[in-house]
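Asks: the following block contains a protein sequence and its predicted model.
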Protein chains: 2
Amino acid sequence: MAMKTLSAKNAAALDKDLMSIGAFSIDQLMELAGLSVSQAVYRIHPPSRGRRILVACGPGNNGGDGLVAARHLWHYGYKPMIYYPKQAKNDLYQRLSTQLKNLNIPFTDDFPTALEETDHVIDAIFGFSFSGEVREPFPAVIRALEETRIPVTSVDAPSSWNIEEGPPKEGPGAKFNPEVLVSLTAPKPLVKYFKGRHFIGGRFVSPDIRKKYDLWLPEYEGIDQVVEVGSNGQKL
Amino acid sequence: MAMKTLSAKNAAALDKDLMSIGAFSIDQLMELAGLSVSQAVYRIHPPSRGRRILVACGPGNNGGDGLVAARHLWHYGYKPMIYYPKQAKNDLYQRLSTQLKNLNIPFTDDFPTALEETDHVIDAIFGFSFSGEVREPFPAVIRALEETRIPVTSVDAPSSWNIEEGPPKEGPGAKFNPEVLVSLTAPKPLVKYFKGRHFIGGRFVSPDIRKKYDLWLPEYEGIDQVVEVGSNGQKL
């Protein structure tokens, strides 16, 4: 049985609905999304396996989720480092960055060196709204993620993958296969090309939105903000 | 050894600092505060002990924390009911209320009946900015909380208590002693009059703010957003 998934178009519509009908602010949704990512990383890679986490952030909401995750990971006792080469100018992203600077979390421009000195990478470069070509300076970053033996957790989508079609046929990302994927709100069609450990996060969907998008959602346990699922969608 | 506490005046100044120097939005802080409360309730009163939770919300930020907690508790499988007689008009509180209505969480005007039909109460009426007299319609609510045998979890302060001096000498609240207190960010001076189980929540304080206010903060475990402490402040 294949997992029910949410198309890129519907993911965008659902996001809009969360903020209009759902009455959520972007601050709230990003806080809960980043919290989900931080909990998945803690589960996969507890601090005893190494505390250094490199968080690669893209220019949009996916990058914002990464910034929030980094803050929570710091509070859990990790030592995050941020690679955020295309910093969005808007108020929210600037505030999320300031929150990290207030924790003395370092920002780096040198991805290759940072990658050599980390225990885990969070790929928060591109999310469900990505399509087309990977723009500078990210092609080299995607190539490095493709080649590294350091485990990678991707947020919502392995960056460079097409949301519907999965990995690109050639170029950066064609051989990218992260160890972990955290699908936010619901899995996207690309999950059928993904071979690693898969978590669902974003525990804020109302019954109406679930019904409107005919979402498949697993049952979360206790107070968890993430749930791990198998390739056919059953809870692990 | 007495617990180090944060005066009402400093709690207000710290809150301001979180939003200015700290660059947090009120949405973010309230989300994390309410999440902390929901986790404490889950720990104290797991769903197996009864799923009905009555959340009494006051007109200010303490009430907002209660609204957020109610949403998370619904997602954990509880059946919250909201008593929110003085609904603030501002956008944030209205959105938090809409988020609950979208989950079909009922709002009630009849506190005494709701109290008869619940398994646990969250007192999110007044927080660290409370002083002076309890205004209508809350005196009867405080009296009911004083007399009920249903366990009560107070958010930041048992409502009606003076933040520095503890329970009022007479009138509503003079004999109020909730079973649980969740101190947000740091304990206030009133904790020395409190006899129940005490949690600290709000895992977002930076080292600079901690130093500026000479805060005593316990070590949180793992990904927890709350930590239970004893009367002298040691972690339990």
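Replies: Received, thanks.
Asks: and stretch A:55-63, how far from the chain's centre?
Replies: Centroid separation for stretch A:55-63 versus its chain: 8 Å, with CA atoms, centre = their mean, to the nearest Å.
Asks: wait, stretch A:130-144
Replies: With CA atoms, centre = their mean, you get 16 Å for stretch A:130-144.
Asks: need the distance between the two termini of that stretch.
Replies: End-to-end distance of stretch A:130-144: 19 Å, with CA to CA, to the nearest Å as the criterion.
Asks: and that stretch, what's buried?
Replies: Going by neighbour count (16 or more other CB atoms under 10 Å in any protein chain shown), the buried part of stretch A:130-144 is A:130, A:134, A:138, A:141-144. All C-beta spots, glycine's among them, are computed from the backbone N, C-alpha and C.
Asks: do the same with stretch A:88-101
Replies: By 16+ other CB under 10 Å, the buried positions in stretch A:88-101 come out as A:88, A:92-93, A:95-97, A:99-100.
Asks: got the CA positions of it in CSV?
Replies: The C-alpha trace of stretch A:88-101 is given here as CSV (Å, rounded to 0.1, in the frame of the first residue of the first chain):
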residue,chain,number,x,y,z
ALA,A,88,16.1,36.9,4.2
LYS,A,89,15.6,40.5,5.1
ASN,A,90,12.2,40.2,6.6
ASP,A,91,11.6,40.8,10.3
LEU,A,92,10.8,37.2,11.3
TYR,A,93,14.0,35.7,9.9
GLN,A,94,16.1,38.5,11.4
ARG,A,95,14.5,37.8,14.8
LEU,A,96,15.1,34.1,14.5
SER,A,97,18.8,34.8,13.7
THR,A,98,19.1,37.2,16.6
GLN,A,99,17.7,34.6,18.9
LEU,A,100,20.5,32.3,17.9
LYS,A,101,23.2,35.0,18.2
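Asks: check which element follows the longest helix belonging to chain A along the chain.
Replies: If you go by DSSP state H, chain A has its longest helix at helix A:26-44. Using DSSP states H and E, the helix or strand that directly follows helix A:26-44 along the chain is strand A:52-57.
Asks: what helices and strands are in contact with that next one?
Replies: If you count contacts as 3 or more CB pairs under 8 Å, 6 or more residues apart in numbering or on different chains; DSSP states H and E, strand A:52-57 packs onto helix A:61-75, strand A:79-83, helix A:111-116, strand A:120-124.
Asks: just those: most buried one?
Replies: strand A:120-124 (a mean of 29; mean count of other CB atoms under 10 Å in any protein chain shown).
Asks: mind checking which helix or strand A:K86 is in?
Replies: Assigned by DSSP H and E, A:K86 falls within no helix or strand.
Asks: go ahead and confirm it touches A:G60.
Replies: No. In this structure, A:K86 is not within contact of A:G60 by CB atoms under 8 Å, at 9.2 Å.
Asks: same drill for these two, tell me which one is more crowded.
Replies: A:G60 (17 against 14; other CB atoms under 10 Å in any protein chain shown).
Asks: where does the residue nearest in space to the middle of chain A fall, phi/psi-wise?
Replies: Taking CA atoms, centre = their mean, the centroid of chain A lies closest to A:V155, which sits 1.3 Å from it. Backbone torsions of A:V155, given as degrees, to the nearest 10, read phi -100, psi 110.
Asks: ok, A:V229 next?
Replies: phi -130, psi 160.
Asks: so how many other residues sit close to it?
Replies: For A:V229, the count of nearby residues is 21 (other CB under 10 Å).
Asks: kindly report the same for A:R52.
Replies: A:R52 has 15 neighbours, counted by other CB under 10 Å.
Asks: same check on the one 4 residues further on?
Replies: A:A56: 28 surrounding residues under other CB under 10 Å.
Asks: so what's it bridging to?
Replies: A:Y83, A:D123 (DSSP bridges).
Asks: quick check, A:S129 in a helix?
Replies: No. Under DSSP: H, G, I helix; E, B strand; the rest coil, A:S129 falls outside any helix and is assigned coil.
Asks: quick one: contacts for it?
Replies: Residues near A:S129 by CB atoms under 8 Å, 6 or more residues apart in numbering or on different chains: A:8, A:11-12, A:60-61.
Asks: now distance to A:M19 too, for those, in TSV please.
Replies: Shown next, in TSV, are those (distance: CB to CB, whole Å):
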residue	distance to A:M19
A:A8	18
A:A11	13
A:A12	11
A:G60	15
A:N61	11
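Asks: export those residues to CSV and append columns for distance to chain B.
Replies: Putting those into CSV (distance: CB to the nearest CB, whole Å) gives the following:
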residue, distance to chain B
A:A8, 24
A:A11, 19
A:A12, 20
A:G60, 19
A:N61, 15
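Asks: just give me the closest of the residues you listed to A:K192.
Replies: Of all the contacts of A:S129, A:A8 has the smallest distance to A:K192: 14.3 Å, by CB to CB.
Asks: tell me the contacts of the closest one?
Replies: Applying CB under 8 Å, 6+ apart, the residues contacting A:A8 are A:128-129, A:131, A:163-164, A:188-189.
Asks: which among those residues end up buried?
Replies: Buried by 16+ other CB under 10 Å: A:128, A:163, A:188-189, out of the contacts of A:A8.
Asks: what number of residues lie near A:P168?
Replies: A total of 17 residues lie near A:P168 under the criterion other CB under 10 Å.
Asks: so what's it up against?
Replies: Contacts for A:P168 (CB under 8 Å, 6+ apart) come out as A:160-162, A:174.
Asks: and the buried ones among the contacts of A:A8 near chain B, which?
Replies: Applying CB under 8 Å from any CB of the partner chain, the subset of the buried ones among the contacts of A:A8 adjacent to chain B is empty.
Asks: of all those, which comes closest to B:V205?
Replies: Closest approach to B:V205 among the buried ones among the contacts of A:A8 (CB to CB): A:F128, at 32.8 Å.
Asks: mind pulling the model confidence for the closest residue to the closest one other than its chain neighbours?
Replies: Nearest non-adjacent residue to A:F128, counting by CB to CB, 6 or more residues apart in numbering or on different chains: A:A11, 4.2 Å away. On the pLDDT scale, A:A11 is placed at 97.
Asks: so A:A11 touches A:A157, yeah?
Replies: No. Using CB under 8 Å as the test, A:A11 is too far from A:A157 to be in contact (9.7 Å).
Asks: identify the contacts common to those two.
Replies: Counting by CB under 8 Å, 6+ apart, the shared contacts of A:A11 and A:A157 are A:128, A:163, A:188.
Asks: count of residues packed around the nearest residue to A:L29 once chain neighbours are set aside?
Replies: Of all residues beyond its chain neighbours, the one nearest A:L29 is A:L18 (6.1 Å), with distances taken as CB to CB, 6+ apart. Per other CB under 10 Å, the neighbour tally for A:L18 reads 23.
Asks: quick one: A:L18 is in a helix?
Replies: Yes. Under three-state DSSP, A:L18 falls within a helix.
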